[in-house]
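A.B. asks: Fold the stuff below for me.
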Amino acid sequence: MLKEGRRVRLAVDLRLAGEVVPAGGPGAETGAGAGFLALAAGVEGTVERVDEDRPQGPEVREYERLKSLLDDFGHQMPPASRRQLEERVAELEPAWTAYLERRLRTTVRVRFDNGFVLDDAPGDLFVPA
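C.D. replies: The predicted model follows:
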């Protein structure tokens, strides 16, 4: 499991290529420069940040909103309104279930012992050190 402050090891060889831009500066003009960096599997570092994301679609957001409304105020609603709300929640339930079953996307920022920093890297590139 990836957590901030934990030591990790790169599980695969990486080849990073792209534009070279100053850190914190504006992006380079297209074609202004290119860089290449190779990191070998086994390079160790420390996790500085972990971001987990499971993108939500509009149906998932609507399910959360309506389910919360039903749970909090359903007992106070007129029977016809409550039934309508329950039906709509039931219609959206498959989208909610699919959302929960979708794999959580984890990205990390790792500072390697050699000083390099890899940001927004997929978490599955690393194993505990």
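A.B. asks: CA atoms for contacts and neighbours, from now on please.
C.D. replies: Will do.
A.B. asks: what bits of this structure have low per-residue confidence?
C.D. replies: Applying pLDDT under 70 to the chain flags the ranges 19-35.
A.B. asks: could you pull out the strands for it?
C.D. replies: Assignment of strands within the chain using DSSP state E yields the ranges 7-10, 14-18, 35-39, 44-53, 105-112, 117-122, 126-128.
A.B. asks: Between those, which one is closest to Lys67.
C.D. replies: Across those, Lys67 has its closest neighbour in strand 44-53 (21.5 Å, Cα to Cα).
A.B. asks: Kindly export that closest one (C-alpha atoms) in PDB.
C.D. replies: Extracted C-alpha coordinates of strand 44-53, given in PDB (Å, rounded to 0.1, in the frame of the first residue of the first chain):
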ATOM      1  CA  GLU A  44      14.400   3.700  -4.300                       C
ATOM      2  CA  GLY A  45      12.700   6.800  -3.000                       C
ATOM      3  CA  THR A  46      10.200   8.200  -0.700                       C
ATOM      4  CA  VAL A  47       6.500   8.800  -1.400                       C
ATOM      5  CA  GLU A  48       5.700  12.500  -1.000                       C
ATOM      6  CA  ARG A  49       2.100  12.500  -2.100                       C
ATOM      7  CA  VAL A  50      -0.600   9.900  -2.900                       C
ATOM      8  CA  ASP A  51      -3.700  10.900  -5.000                       C
ATOM      9  CA  GLU A  52      -6.600   8.500  -5.400                       C
ATOM     10  CA  ASP A  53      -9.200   9.200  -8.000                       C
END
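A.B. asks: Just put the strands of the chain in TSV and tack on mean neighbour count.
C.D. replies: Putting the strands of the chain into TSV (neighbours: other Cα atoms under 10 Å) gives the following:
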stretch	mean neighbour count
strand 7-10	21
strand 14-18	11
strand 35-39	11
strand 44-53	18
strand 105-112	20
strand 117-122	15
strand 126-128	18
